[in-house]
Every structure is written in C-alpha cells, then in structure tokens.
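> fold the stuff below for me.
(3 chains)
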Amino acid sequence: MPELPEVETIRRDLAEQVIGLTISAIQVLDDRVIRNCSARQFCRQCLGKTITTVTRRGKAIVIQFSPPGYAIIQPMMTGHLVYDPVGEKVTDRDTKIVFTLSNQSRLNYNDQRLFGRIQYVDDLKKIEFFRHIGPEPLEKEFTVDWLKLNLEKRSGPIKSLLMNQHFIAGIGNIYASEILFRSRISPRRSARRLKREEIALLHRATVDILKEAVSLRGTSMRNYRDLSSTKGNFMNRIKVYGREQEKCLQCKTPITKIVQAGRSTFYCKRCQR
DNA sequence: AGGTCGACCTGGCAGC
DNA sequence: TGCTGCCAGGTCGACC
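Model (predicted):
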C-alpha cells in the first residue's frame, strides 16, 4: 500500500526505535508472508541478531543486522508495521509476524491481503527486486538530464512509466497522478514526446511532491498508517487522486478517471495537456 | 524489448 | 439482511 513517502516515514520512525536492539523472539502466525525460505529458517537466521541500520530502497525497507544479514520488508498494498514500545498490545486478525526485541518492545507485521513479503538474505544482490530497480527520485542521481535521456527511449504513457519501478523507484498510483497534475502533463502522453520544458517541470514536481509528502508523513487515503498507527497528512494536499467527478481545484472542470495498464488514473483534462 | 494483462489475496462498500 | 460484483496505495510472470 505505501509508496516512497509512506515507506520513508516508517523507516525513519523504525530507525529511531529499534537500532541497537536485538531480536529475542519471533512468532510467525502466517508463514505465507515469508517468501524465500521456510518460517523456521527465517527465524533461525534473524534470532539473536542486532539491528544496526534501517534503510529504504524504493518501497522496500531494509533492516541490516549484526552479525551480518538483512531482513527485507515489502509491504506492497496492504502490509503494515506496528511498533509497540511496551510490548503489551495484542495482535489482531491481520497480524502475521511478531518480533520481540531485547527491551521487550514488539514489532508486528500485519497484512490484510497477504500481498506483502518479508525475506531474509545474507546479500542484498539476492533480492531480485533490487537488481533492476531504477534510481531514487530524492537522490542526486535523479536529474533533468537523466530523465530526458531515458524518457526518449520509452513510447508508453508517462503515467505507467512513472509507476514502473525498473524506471524510477518509489512512485505508485497516488503520487504518479499528483506529480502529473502539478506538472500540467496529461497521463496519456507518450513519454518520448515530452518537451524539454515539460520534462523540467516533471522533474521539479516529482522531487517537490515526494519531499512534501515525506515531510507530512505520507498520505492516508484508506489504509495507510505509520508505525504508531497514525495517519499521514498529505491527503489534504491531494489534488486529483480519488477525486473522479469532483471539480478541479484550479479550473473547476470535473476530474476524469481512466484506466492505464490496469490501474486507475485521475487527471484534469483542461489543466493537463 | 517494451507494454499490458491476469494472478496473487481479503475486506469494505454500493447496488439490488 | 444477504448476496454479487467491484474496488483497493504493488509486483511478477506470461503474453503480444
């Protein structure tokens, strides 16, 4: 469910709470969440290890251990981490894994639809998802020139491309629509036909919107909650996503909903060309 | 190779 | 009330 700003919010909060703590117990309530090995192997690999860093790549959280190893958490659409500092909260029907840490706090992984996945690896290169993932939009590598060069090679609609994790990391369905609204570019435009000025606007909007959303702790359209089950605040800034038939906040034209590559897209036909 | 579609799952909601 | 169908913020493999 979460996109870059939501995952980054979770990452920061998690890093503040768990770095330096050791995993003292793991309860796997549904082993379908663990994808690359058995629940037993997963527990054996993680138990007794100390968390040294919590980083993020695209929409995935990377927990690094000492002795060396990594737990990769990809919440996908419905995965949700809940941190309980005093270790007394009960699990709910969506709880799939409970990690107990050395200070008796607990980290629950909840997932309604079981789309999310948790993996343990000794080398990040073993995560297929990381092998082909595109640049991080909030890092220096993401420049107007890079964007221009790479958009030229793509003929598909710009909206689908923004959501393609091989192309660029971390942007999902909500932010793709919002970025294009701010750029005043129609989601149907072919990537390779964007003009230099439009690419510059697209780059600016991508960076600005993601940064704003991170500073507001993400968007809670429906399910997303942070580590302490609190909603994000970027919903108030949403201009088009989920607003089909409602008036465009700039020009009052009803917002249009279309389907691209199987996903809903929202845009203003008048403001976005 | 690039782009699109269905599958993976469950629950909430609108409509009947 | 209860049924059906549709929708949901992601990713992957199969297919054209």
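> with DNA strand C as the reference, measure out to the residue nearest to A:Leu101 when sequence neighbours are not counted.
Counting by Cβ to Cβ, 6 or more residues apart in numbering, A:Leu21 is the residue found nearest to A:Leu101 once chain neighbours are left out, at 4.2 Å. C-beta: built from backbone N, CA, C; applies to glycine. Distance of A:Leu21 to DNA strand C, given as Cβ to the nearest atom of the strand, to the nearest Å: 26 Å.
> hang on, isn't A:Leu21 packed against A:Thr100?
No. The pair A:Leu21 and A:Thr100 fails to qualify as a contact (Cβ atoms under 8 Å) at a distance of 9.9 Å.
> how are the helices of chain A distributed by residue range?
In chain A, the helices defined using DSSP state H lie at A:4-18, A:39-46, A:128-131, A:144-151, A:158-163, A:173-183, A:196-215.
> of all those, which one is nearest A:Arg243?
helix A:173-183 (9.4 Å; Cβ to Cβ).
> and the angle from that closest one to helix A:196-215?
130 degrees (axes from the mean of the first three to the mean of the last three Cα atoms, to 10 degrees).
> can you give me the neighbour number for A:Leu114?
Other residues near A:Leu114 come to 14 when the count uses other Cβ atoms under 10 Å.
> that one: what's it in contact with?
Listed by Cβ atoms under 8 Å, 6 or more residues apart in numbering, the contact partners of A:Leu114 are A:30, A:32-33, A:78, A:96.
> can you say which of those residues are buried?
Neighbour counting by 16 or more other Cβ atoms under 10 Å classes A:33, A:78, A:96 among those as buried.
> and the nearest residue to A:Asn108 once chain neighbours are set aside, how many residues sit next to it?
In space, and not counting its chain neighbours, A:Asn108 is closest to A:Val82: 4.5 Å by Cβ to Cβ, 6+ apart. Residues lying near A:Val82 (other Cβ under 10 Å) number 20.
> could you do A:Thr143 as well?
A:Thr143 has 12 nearby residues by other Cβ under 10 Å.
> ok, and the closest non-adjacent residue to it?
Here the residue nearest A:Thr143, using Cβ to Cβ, 6+ apart, is A:His203, at 7.5 Å.
> so the one you found is in contact with A:Leu147, correct?
Yes. A:His203 is within contact range of A:Leu147, at 5.3 Å (criterion: Cβ under 8 Å).
> buried residues of the lowest-mean-pLDDT helix or strand in chain A, list them for me.
The weakest-scoring helix or strand in chain A, judged by mean pLDDT, DSSP states H and E, is helix A:128-131 (a mean of 89). Judged by neighbour count (16+ other Cβ under 10 Å), helix A:128-131 contains these buried residues: A:129-130.
> stretch A:45-62 too?
Applying a neighbour-count criterion of 16+ other Cβ under 10 Å, one finds A:45-46, A:49-51, A:54, A:56-62 buried in stretch A:45-62.
> start to end distance for it?
Using Cα to Cα, to the nearest Å, the end-to-end distance of stretch A:45-62 comes to 15 Å.
> before we move on, what about stretch A:35-42?
End to end - Cα to Cα - stretch A:35-42 spans 10 Å.
> what residues does chain A put near DNA strand B?
Residues of chain A lying close to DNA strand B by Cβ under 7 Å from any atom of the strand are A:32, A:93, A:112-115, A:153-157, A:160-161, A:164, A:191, A:260-262.
> narrow these to those that are buried.
If we count by 16+ other Cβ under 10 Å, the residues of chain A next to DNA strand B have these buried: A:112, A:154, A:157, A:160-161, A:164, A:191, A:260.
> and which of those residues is nearest A:Arg12?
A:Gln112 (23.9 Å).
> got the contact list for the residue nearest to that closest one when sequence neighbours are not counted?
In space, and not counting its chain neighbours, A:Gln112 is closest to A:Thr78: 4.5 Å by Cβ to Cβ, 6+ apart. Neighbouring residues of A:Thr78 by Cβ under 8 Å, 6+ apart: A:1, A:111-116, A:223.
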